[in-house]
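Colleague: Got a predicted structure here, sequence first:
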Amino acid sequence: MQKVGIGIIGCGNISSAYLKAMAGFPILDIRGLADLNEDLAARRASEFGLKARSIADLLNDPEIEIIVNLTVPKAHVAVAMQALEAGKHTYSEKPLGINFAEGKSLYEAAKSRGLRIGAAPDTFLGGSHQTARAIIDSGVLGLPVGGTATFMCPGHERWHPNPDFYYEIGGGPMLDMGPYYITDLVNLLGPVAKVAGFAFAPRSERLITSEPRNGQTIPVNVPTHVAGAMAFRTGAIVQIGMSFDVAGHRHAPLEIYGTEGTLIVPDPNHFGGQVELLKKGGAFEHQETSAPYADGNHRSIGVADMAHAIRSDRPHRANGELALHVLEVMEAFQRASDTGTTIEMSTTVERPAPLSQSITDDHLAR
């Protein structure tokens, strides 16, 4: 199958994970890296044996079909719009945009041009999460009635070298970590119908304890503790807690409750992990993971799936409709907190096609 030319804009912390994983997908032909910080682009290109180029050069290269946008959240839509204007498909790091309005404008711009957009996370395509989906789809849980989604930590300033953007508009635990959890829940249960929630920021500034800026403080401009509930169109109700203010907890990342059983789903920030199933009257048992991509960090599988989808003229899984729906859900928690009301979703989405075999298999790539 003919390779798909890839240009990468944004060479920060996450780009290393993408570049390592992309080596495992032969369809991806990385034709250059770019960043506003030219020195950073040059270092990353040297590290991976690639070529550093200007942003304009990538956008004007007719051999590049997909721009992979790994910039900070507040730049996601602006960079993606540039890619669309240049006639390129675009795939962005999460979230799709820093608010639903700009995410929708990007979605509509792509649609009007007949171009594809996609967005992280693609971890829901990992083997453990696809195994969990297959269990739910088998009906062994009975009717799904609820669940919990929990990410709570003391904050990313403990480890990230430049954590400022986590506390700016477009950051915070909901827009930073929420995409992993909510995207996986949509993969497992389908679209969300409405949201209730509360959000606040206990502290106005944070102390960096990572290097090289240990001891500096940064302002907090977003809520850092968010709690609420999502009512899915199926009727299931899932409680969610996202926080950068919690020292530790003992909740599972994701739990799905059905009338006939309970499913423990591993951390949706990873592709693998242990899936556990309890059937009514029994005990939790480990479930064998037979689906691929559970054995490492495959961050870029969403790009590879998009590339195969372009070649075979089929929908790609980490698509714009999914990312836009998740963005609306995440923004709704703040709106619900601000207004004291339940927020109904204006978007919906079909669950992405399941992934039970390698995307490089010929019968899936066609």
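Modeller: Good, I have the coordinates. Numbers count the residues shown, from 1 in each chain.
Colleague: mind checking how far the residue nearest the centre of the chain is from residue 39?
Modeller: Nearest residue to the geometric centre of the chain (CA atoms, centre = their mean): residue 121, 2.0 Å. Using CB to CB, to the nearest Å, residue 121 is found at 29 Å from residue 39. Yep, even glycine has a C-beta here, placed from its N, CA and C like the rest.
Colleague: what does residue 330 give?
Modeller: Taking CB to CB, one finds residue 330 at 34 Å from residue 39.
Colleague: what do you get for residue 173?
Modeller: Shown here: residue 173 relative to residue 39, a distance of 31 Å by CB to CB.
Colleague: Residue 111 now?
Modeller: For residue 111 relative to residue 39 (CB to CB), the value is 37 Å.
Colleague: More neighbours: those two, which one.
Modeller: residue 111 (13 against 10; other CB atoms under 10 Å).
Colleague: Would you mark the buried spots in the longest helix along the chain?
Modeller: Ranked by residue count under DSSP state H, the longest helix found in the chain is helix 320-339. Under the neighbour-count criterion of 16 or more other CB atoms under 10 Å, helix 320-339 has 320-337 buried.
Colleague: what does stretch 268-277 give?
Modeller: Counting neighbours by 16+ other CB under 10 Å, stretch 268-277 gives 268-273, 275-277 as buried.
Colleague: Tell me the secondary structure at the spatially most distant residue from the centre of the chain.
Modeller: Ranked by distance from the centre of the chain (CA atoms, centre = their mean), the top residue is residue 281, with 35.3 Å. Assigned by DSSP: H, G, I helix; E, B strand; the rest coil, the conformation of residue 281 is coil.
Colleague: and it, how far is that from residue 146?
Modeller: From residue 281 to residue 146 the distance is 19 Å (CB to CB).
Colleague: same deal with residue 303?
Modeller: 33 Å.
Colleague: Count the neighbours of residue 104 for me.
Modeller: Neighbour tally, residue 104, other CB under 10 Å: 19.
Colleague: wait, doesn't it sit right on residue 325?
Modeller: No - Residue 104 lies out of contact with residue 325 (CB atoms under 8 Å); the separation is 10.6 Å.
Colleague: before we move on, back to that, so who does the residue farthest from the centre of the chain touch?
Modeller: Going by CB atoms under 8 Å, 6 or more residues apart in numbering, residue 281 touches no other residue.
Colleague: any idea how far residue 231 is from it?
Modeller: Residue 281 is 28 Å from residue 231, by CB to CB.
Colleague: mind listing the helices in the stretch 101-250 of the chain by residue range?
Modeller: 127-138, 172-189 (DSSP state H, counting those that start in this stretch).
Colleague: Any idea what the nearest residue to residue 46 once chain neighbours are set aside is bridged to?
Modeller: Distances taken as CB to CB, 6 or more residues apart in numbering put residue 52 closest to residue 46, at 7.9 Å, once the chain neighbours are dropped. In this entry, residue 52 is beta-bridged to residue 33, by DSSP bridges.
Colleague: Tell me how many other residues surround residue 52.
Modeller: Applying other CB under 10 Å, we find 19 residues neighbouring residue 52.
Colleague: Looks like it contacts residue 31 (just checking).
Modeller: No - taking contacts as CB under 8 Å, residue 52 lies outside contact range of residue 31: 11.5 Å.
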